[in-house]
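[1] Test case, fold it:
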Amino acid sequence: MEPGVTVVVGPNGSGKSNVVDAIAWVLGAQAPSSVRSQKMEDVIFNGTAKRSPLGRAEVMLTLDNSAGILPLDFTEITVSRTLFRNGDSEYAINGVECRLLDVQELLSDAGVGRQQHVIISQGQIDAVLTARAEDRRAIIEEAAGILKYRKRKEKAERRLESTEANLLRVQDLIREVRRQLRPLERQAEAAKRYEEVVGELRALRLYLSGREVAGLREKLAQLETEKAGSDSSERELRELMSTLEVDVRTAEEELTARGASGLNDELMKVEQLRERARGLVAVIAERRRSMERDQGQLIAEDVVAALEADAAEMREDLAEVERGLTIAMGESDSLQVEEDAFERERNEQGLFHTVQGNEASTAAAEVRGELRTLRNTVEQGAGEIQKLQARIEQIENRDNAFVGTIDGLQAELTQAESAVGILRSELATAEQERDVAENAGDVAQQGRATAERRAARASARLEALEAAMASTRARTGAEHLAQIEGVVGALVDLLDIDQGWDAAVKAALGDTLASIVVSDPASARRAIDQLRNVDHNGAVIALGLNRGASGSLPQGVESVRSHVRPANGAPAQLGALLDSLLSSVGCSTDIAGAIDIVEANSSAVVVTRRGDKLAPSGWRLGAADEVGSIEVIEETRTEVATATAELQALDAEVENQRRLLVAARTRINDTQTKLDRQVRAVEAANERLAKTTNDRRSNGAEREMTLGSLDDIRGRVDGYQQRVSELEGLLPALEESEAAEIAAAKAQGEARAAIDSKATHMAMRRKDLEVRLAGLRERDQFLKQRLEETDRRLEVDTAARAEAGVRRQRIEASLLAITRLGGLVDGHRVAAESRLAELYEMRRRQSDEVREITTRLDVARRGRTEAEQQLEALRERGRRVDVEEAETRMRLEAAIELIRRELEVEPEVAEASPMPEVAEGVDHADRARALERDIRLMGPINPLALQEFTELQERHTFLEEQLNDVRNSRRELAQVIAAIDEEIQSVFATAFEDVSKNFTDLFQLLFPGGKGKLALTTPGDMLNTGIEVEATPPGKTFKKLSLLSGGERSLTALAYLFAVFRSRPSPFYVMDEVEAALDDVNLHRFLGLVQEFRRDAQLIIVSHQKRTMEAADCLLGVSMQP
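    Here you go, the predicted model:
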């Protein structure tokens, strides 16, 4: 299409309007009615008798963008829309698929709005005037580009409304999460504490187990070392015992060898020889004396006398010798008995043959060693039994003390747990009160926000109504007449109207309600002059005039006059004025009844309570606007007061709930503090109770262990005692045997020496006795022989004398022989004594050697006994070491198994574990026991509580962030809405001012001499105010659009639309038979208006008017193919 004016012409039904519909459709029309269809699929060609239907409808509109109006770097922009029969619709810009929103925003920047105000279809001209004031405002907003702000605001408000629901939902979720969070937090803290305690306990157990394993291994190594040392000591003792055994046997053999020597026999033989020599020497000496006496007797003169004397002496000597011989024989017999007994004793002892064996000594030593060990063990056991009995007594005393302590702690724990239950109940009650206070606070806060909005709306409405009332009063000119004499005041201020009748009275009085009441006609004149002087409109009504009756009241209605009266302080004449104004006005219950009354009585004036008025001058619904309604103002004031009171009450309620919430939170904190303190007291009591119970259990275990040890020790002591008794029964016999052996071994040398001495003594006695017997026998024999000789000599004196010489010679010869024999025997005696001295010395040396050997034997035997005792003690220690080693190995295996099973690590890891840090002065084992008590006191633990708390806390944080985001979004949206409102107000105010000015100018252009203007319905609300069109054609005084003719309505609508076009130009305008109702004059004026716009925009007009075709720059014909 060409620039300027293009007129689309063609016969009816040819499809001229389809061009307009196609442009509207491709630019995004969505309502099927906008393209004269019932449904959007109707735009697709359905076919004819000769042509088949199509599957889609497509329109492409190419726009010239050489001037760069559209924000795309293309000189030509093609917008296309395709509709398929399945309902799918596609949009494209220059062949690139896009959204409808993209098309609308692109064209909106060029002044072609979404409502397509630049496209005026058939029937839309009159719709401009019949539309609501808000709809007329929409045209200006679209032209001014405000609709995009409206859309943004609506979008922001929808988002704000959606955020309100999100806000409430998030708040509900946060409250729910908070209710779940507190108990879960306690569980999480308990679980966290449990994990910390378990972790610390595991580290401590790992360290203690590692230290225990290391200690057990070290102890095992020590025991093995000790065992090796014991084995070495045992070997050394065995070697020592073998050595000592060799020494004992050697000493015994030496003793045996000493006993088997022939020294005693030789000594006895030498002693016998010496004694015999001594006897011989004594016999020889006696013989010599006898011979010497005989020799002397032979020399005596009186031989007979001498012989008689010798015979008597010899008889006395013989008697003495016989007595001595008898005694010696008795001694010989006694000595023989002694010798026989001695010989038997010596043969029984066998001292000179062999030494008895040492089996008894060895057995006795072993028994004594075992007995000594057993007695020591029994003594130790008795001491242990006494200690254990004292320990058991102490344990029982301690158990009694534990029982008393446990009873006290249980009573204390019961009381503390009861207090905890009470405090938890109080805490739950306080938390419920807090939740109730929070919910009530939220409800009160929401109610307060609602009441605040309601109060704000009521206050704004009251302000608007009061402003309107002030405007009404201002229109009356009351402020200009305040100083005029006789002015009573505005009629609206002088009336007292019944409740609910304000609208009816206002409808009945109409504009009269805004009149100024004066006291008389002169005052009315002065008032009129004053208003004229100040060039102000206004109405004046005078009292005191005789107006007469205004007519009768219709049948079936209620009098309006009965519900209105002069206000207090108003002039009395006001009643007559009201009678004249309202006496004929009736009130019907509804509009239908009012219509029936008016139809029955055409002159009747009937109103309704809602402000409708039916009068001969016309019928009007809602004649009584709220603006200027005192009742409405009072109701609004009441509403404001009620809302304010409600707001104050809600403020008080919010404050009260806040105080309750603060009090509840304070109670919660106080109760929680008390509960925590009491819980700590319970935990402390539980800990003390558990410690005391554990101590008592340990005490009981110690008692059982002690009793078991006592029984074990008693059993072992009894066994040892029985063994002692057995050994003590065996020991005397063994000791006797040993004593005999020891006595024999010890006294053998001494006994041998004593026996040898006794044997020697007995031999000497025997020799002496034999010598004496021999001497006595010889002397007896000699004396008997001499006595016989003497007797014979006395008998034969002669012969004696004869023989005396012979005898003298024999005696001399014998004396010489005895002398030589004595010398020889004496030599032998000396040699025997010398040999005997040597033998005595040899025997002394042998006795010393025997004593030395005996001493060495005793030392060896004592050493062997001590070695045996040491070996037994070493064996006992070895047995204990074996038992301790077995126990240590079992403990080590149990500890390793415990580490692997419970700690799930290898023992090497436990041994290498570092030492955990504990408080100064605290032992690791005590700390581990304290942690175990803590774990027991913790009770059941929710292991997932920490994870659930973390997740719930993250959810709470997320919800808090979401809540803050929602609040921020709401604030941002409110700010955006406020900014949009400011922008809308600013843009609309500017656009309205321009459109209003252009409308006035264009109206005067189209209606020379006429007067038209645009007015805002609510100037104080630039966001929502509508636009009223006031049109007064030349020669007419009314302003109501309903009284305009068809042509006047079309021109007025065109003036309004072209005022919008002039204020906010668009690149093109499309009009469909908008001038159809115009006569030639008005058509001329319209075409003049078109001529004005043809220079700045492209106009496409569908028309049947010839003059319109003539004014076109280009004609576009449309026809339908047959």
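[2] in the chain, what secondary structure element scores lowest on mean pLDDT?
    Least confident element among the helices and strands of the chain, by mean pLDDT, DSSP states H and E: helix 263-299 (a mean of 67).
[3] just checking, what packs against the helix or strand just after that helix?
    Tracing the chain C-terminally past helix 263-299 and defining elements by DSSP states H and E, one meets helix 303-349 next. Packing contacts for helix 303-349, counted by 3 or more C-beta pairs under 8 Å, 6 or more residues apart in numbering; DSSP states H and E, involve helix 263-299, helix 630-795, helix 797-898. C-beta here means a position set from N, CA and C on the backbone, and glycine is covered the same way.
[4] Can you flag the weakest of those helices by average pLDDT?
    Taking each of these in turn, the lowest mean pLDDT turns up on helix 263-299, with a mean of 67.
[5] What lies in contact with stretch 86-102?
    With C-beta atoms under 8 Å, 6 or more residues apart in numbering as the test, stretch 86-102 has contacts from 28, 30, 40-41, 72, 74, 77-83, 103, 106.
[6] now the angle between helix 797-898 and the helix or strand harbouring Ser162, please.
    When elements are defined using DSSP H and E, Ser162 is found to belong to helix 146-259. If you take axes from the mean of the first three to the mean of the last three C-alpha atoms, to 10 degrees, helix 146-259 sits at 170 degrees to helix 797-898.
[7] Specify the local secondary structure of the residue lying closest to Val557 once chain neighbours are set aside.
    The spatially closest residue to Val557, leaving aside those adjacent along the chain, is Gly586, at 2.7 Å (C-beta to C-beta, 6 or more residues apart in numbering). Look at Gly586: counting by DSSP: H, G, I helix; E, B strand; the rest coil, its state is strand.
[8] Against Glu558, how distant is Gly586?
    From Gly586 across to Glu558, the span is 6 Å (C-beta to C-beta, to the nearest Å).
[9] Nearest to the middle of the protein, which residue? Look it up for me.
    For the chain, Lys192 is the residue whose C-alpha lies nearest the centre (C-alpha atoms, centre = their mean; 1.7 Å).
[10] between Gly586 and Glu558, which one's more packed in?
    The residue with the greater number of neighbours, taking Gly586 and Glu558 and applying other C-beta atoms under 10 Å, is Gly586; the counts read 25 against 15.
[11] Low-confidence bits of the stretch 1-150 of the chain, can you list those?
    When residues are selected by pLDDT under 70, those of the stretch 1-150 of the chain lie in 1, 31, 33-34, 108-117, 121-123.
[12] how about the helices in it?
    Counting by DSSP state H, counting those that start in this stretch, the stretch 1-150 of the chain has these helices, from start to end: 16-26, 100-108, 124-130, 133-143, 146-259.
[13] what's the angle from the first one to helix 100-108?
    An angle of 110 degrees separates the directions of helix 16-26 and helix 100-108 when computed by the same axes, to 10 degrees.
[14] residues making contact with helix 16-26?
    Contacting residues not belonging to helix 16-26 are listed as 8-10, 29, 34-36, 43, 59-61, 79-81, 116, 119, 121-122, 1070, 1072-1073, 1100, 1102, 1116, 1118 [C-beta under 8 Å, 6+ apart].
[15] Show me those residues that map onto strands.
    Assigned to strands by DSSP state E, the following of the contacts of helix 16-26 qualify: 8-9, 59-61, 79-81, 119, 1070, 1072, 1100, 1102, 1116.
[16] re the thing from before, just the buried ones from the contacts of stretch 86-102, in PyMOL syntax?
    What follows is the PyMOL syntax for the buried subset of the contacts of stretch 86-102, where burial is set by 16 or more other C-beta atoms under 10 Å:
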select buried, resi 28+40+77+79+80+81+82+83+103+106
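[17] Can you pull the domain assignment for this protein?
    Taking automatic domain parsing as the reference, the chain has its domains at 1-18+114-143+1007-1122, 28-111, 462-632.
[18] how close does Asp791 get to Leu318?
    Looking at Asp791 against Leu318, where the rule is C-beta to C-beta, the gap reads 12 Å.
[19] if you count what's nearby, which of these two comes out ahead?
    Taking other C-beta under 10 Å, Asp791 and Leu318 do not tie; Leu318 has more neighbours (20 against 14).
[20] For the more buried one, give me the pLDDT.
    72.
[21] tell me the SS of Lys1036?
    Taking three-state DSSP as the rule, one finds Lys1036 in the coil state.
[22] Number the residues from 457 up from this point.
    Noted, 457 is the first residue going forward, which turns the last one into Lys1492.
[23] who are the neighbours in contact with it?
    Contacts were defined as C-beta under 8 Å, 6+ apart; by that measure Lys1492 touches Gly1466, Leu1499.
[24] Let me see the residues that make contact with stretch 1412-1431.
    The list of residues contacting stretch 1412-1431 from outside it, by C-beta under 8 Å, 6+ apart, reads 612-613, 615-616, 619-620, 622-623, 626-627, 629-630, 633-634, 637.
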